[in-house]
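S.K.: Here's a sequence, model it:
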Amino acid sequence: MERVSGLLSWTLSRVLWLSGFSERGAARQPRIMEEKALEIYDLIRTIRDPEKPNTLEELEVVTESCVEVQEINEEDYLVIIKFTPTVPHCSLATLIGKCSNVLLLLFFSFQLEIYISEGTHSTEEDINKQINDKERVAAAMENPNLREIVEQCVLEPD
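M.R.: Numbering: from 1, shown residues only. As a prediction, the model looks like this:
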């Protein structure tokens, strides 16, 4: 009976560990979220500034710490990106947000929220609404001139 109880205990702990409900499984969760955040950062850091030859990473518009990934359930994630424009009155902050939005939606299927870091832009609230409105982003991408600018920003130079 003791052997059966030991085997049952071992099997239960193994099932809990594999399903992520045990302490060891829970410890893996932050690492997985960090890996996903780094994967996303690796994409957005290469976006080029619309006015300069620099990337968003080079201008410190985005950093590794600006990407947060939260698990909604086993297969769904919420990605939150907070970027910092180079100046508080940056006229291209909306375009930078749209570039990030378009690039990430090409590669991933998850819920995405992009924000300007609090207190870093004079019209951050309005811009945050624009870049998180999927219909506005889709409509903007139908404009050939705007689409060309976005493509130039997200494509790596030759």
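S.K.: alpha carbons only for contacts and neighbour counts from here, please
M.R.: Fine.
S.K.: give the contact list for V154.
M.R.: 46-48, 99, 103 (Cα atoms under 8 Å, 6 or more residues apart in numbering).
S.K.: Shouldn't Y115 be within a helix?
M.R.: No: counting by DSSP: H, G, I helix; E, B strand; the rest coil, Y115 falls outside a helix, being strand.
S.K.: In three-state terms, how would the spatially most central residue of the chain be classified?
M.R.: Central residue of the chain (Cα atoms, centre = their mean): V79, 4.3 Å from the mean position. Under the three-state scheme (three-state DSSP), the conformation of V79 reads as strand.
S.K.: pretty sure it contacts S109?
M.R.: No: here V79 does not reach S109: they are 10.2 Å apart, not a contact under Cα atoms under 8 Å.
S.K.: Helix, strand, or coil at T46?
M.R.: Secondary structure of T46, reduced to three states by three-state DSSP: coil.
S.K.: Would you enumerate the residues in contact with the nearest residue to it once chain neighbours are set aside?
M.R.: Closest residue to T46 apart from its sequence neighbours, by Cα to Cα, 6 or more residues apart in numbering: T55 at 5.4 Å. With contacts defined as Cα under 8 Å, 6+ apart, T55 is in contact with 45-49.
S.K.: from these, which single one is nearest P85?
M.R.: Sorting the contacts of T55 by how near they are to P85, with Cα to Cα, puts D49 at the top with 10.2 Å.
S.K.: Okay, helices next: where are they in this protein?
M.R.: With DSSP state H as the definition, the chain shows helices at residue ranges 2-19, 23-44, 93-107, 124-131, 134-141, 144-154.
S.K.: Just send those helices back as TSV, with distance to F83 and mean pLDDT too.
M.R.: TSV is the format used below for these (distance: least, Cα to Cα, whole Å; pLDDT from 0 to 100):
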stretch	distance to F83	mean pLDDT
helix 2-19	34	48
helix 23-44	10	77
helix 93-107	8	86
helix 124-131	11	93
helix 134-141	17	86
helix 144-154	16	88
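S.K.: which stretch among the ones you listed comes nearest E74?
M.R.: Closest approach to E74 among those is made by helix 2-19 (10.1 Å; Cα to Cα).
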